[in-house]
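J.: I'll drop the sequence and a predicted model, then ask my questions.
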Amino acid sequence: MAGSIGWLADIMGEPRREPFRVYWQGSVEGLGVELPSDYRAFVERYGHVQFHGDLIVMTPDRDAGTPDEERYERFRRFNEEVGEMLEVWYEWTPELGRPYVPFPGKGGLLAWANNTSADYFCWDTSAGDPDQWPVVVWRFGISEFVRFDGGMTEFLAAVLTGEIPDSDEYIDRTLEPDLWRA
């Protein structure tokens, strides 16, 4: 499922900074899971990215002063907060059931991005292989989940090219004219 970043790289163009070297073993230590290969390739190539001033892709901490064992602390805390919000949301909307386990539960949703519309872009980590994790968008504001049977970079490319429904709702292109910034 997690393919190469080729299609997305064709859309985004060349990185605007030096490649980002990441302590990837820290994801297992800090988050309890290995991260998908397309996400790792994206982060190494582009780093922390915001699309049109809206959708922000989370990355491990890249501050040179941060010890490797602490690089996933912000990412983990963000996901714990999303997991807590999801638990409360399930209480508010019992009619929708509990289709996904909140992080840090085994097989839980692991958020890798969010936007200004309070949408959370996650992986459904229930498959053992991270490269098989589909993307799930938790549309908090309109009380729904949208599943995309593809990896993170394929999803972003499809959103940026308008090839999936609601692309304009995932990224508000009116906030900033530039496609992306690091």
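T.: Nice, I can see it.

J.: which residues of this structure score low on pLDDT?
T.: 1-3, 19, 64 (pLDDT under 70).

J.: May I ask which helix or strand encompasses the residue most central in space within it?
T.: Geometric centre of the chain, nearest residue: residue 112, 2.1 Å, by Cα atoms, centre = their mean. Assigned by DSSP states H and E, residue 112 falls within strand 109-114.

J.: how distant is the top helix by length along the chain from the center of its chain?
T.: Longest helix of the chain, by residue count under DSSP state H: helix 73-92. With Cα atoms, centre = their mean, to the nearest Å as the basis, helix 73-92 stands 14 Å off its chain's centre.

J.: how much space is there between the residue lying farthest from the centre of the chain and residue 143?
T.: Note on the chain: the largest C-alpha distance from the chain mean falls to residue 95, namely 26.5 Å (Cα atoms, centre = their mean). Residue 95 is 9 Å from residue 143, where distance means Cβ to Cβ, to the nearest Å. In this view, the C-beta of every residue, glycine as well, is placed from N, C-alpha and C.

J.: next one: residue 175
T.: 24 Å.

J.: can you check residue 125 too?
T.: Distance from residue 125 to residue 143, by Cβ to Cβ: 22 Å.

J.: between those two, who's got more neighbours?
T.: Per other Cβ atoms under 10 Å, whichever of residue 125 and residue 143 has more neighbours is residue 125, with 26 against 12.

J.: give me every residue that touches the more buried one.
T.: Residues near residue 125 by Cβ atoms under 8 Å, 6 or more residues apart in numbering: 33, 107-110, 133.

J.: Identify the residue nearest the residue nearest to the centre of the chain in space, chain neighbours excluded?
T.: Among residues not flanking residue 112 along the chain, residue 58 sits closest, at 5.5 Å (Cβ to Cβ, 6 or more residues apart in numbering).

J.: shouldn't the one you found be in contact with residue 113?
T.: Yes - between residue 58 and residue 113 a contact is recorded at 6.1 Å, counting by Cβ atoms under 8 Å.

J.: the more surrounded of these two?
T.: residue 113 (21 against 18).

J.: got a list of what the more buried one touches?
T.: So residue 113 contacts 55-58, 120-121 (Cβ under 8 Å, 6+ apart).

J.: Ok, residue 15 next?
T.: Residue 15 neighbours (Cβ under 8 Å, 6+ apart): 45-47, 182.

J.: Most neighbours among these, please name it.
T.: residue 46 leads the contacts of residue 15 on contacts (other Cβ under 10 Å) with 23 neighbours.

J.: Look up phi and psi at that one.
T.: With angles defined as degrees, to the nearest 10, residue 46 sits at phi -110, psi -20.
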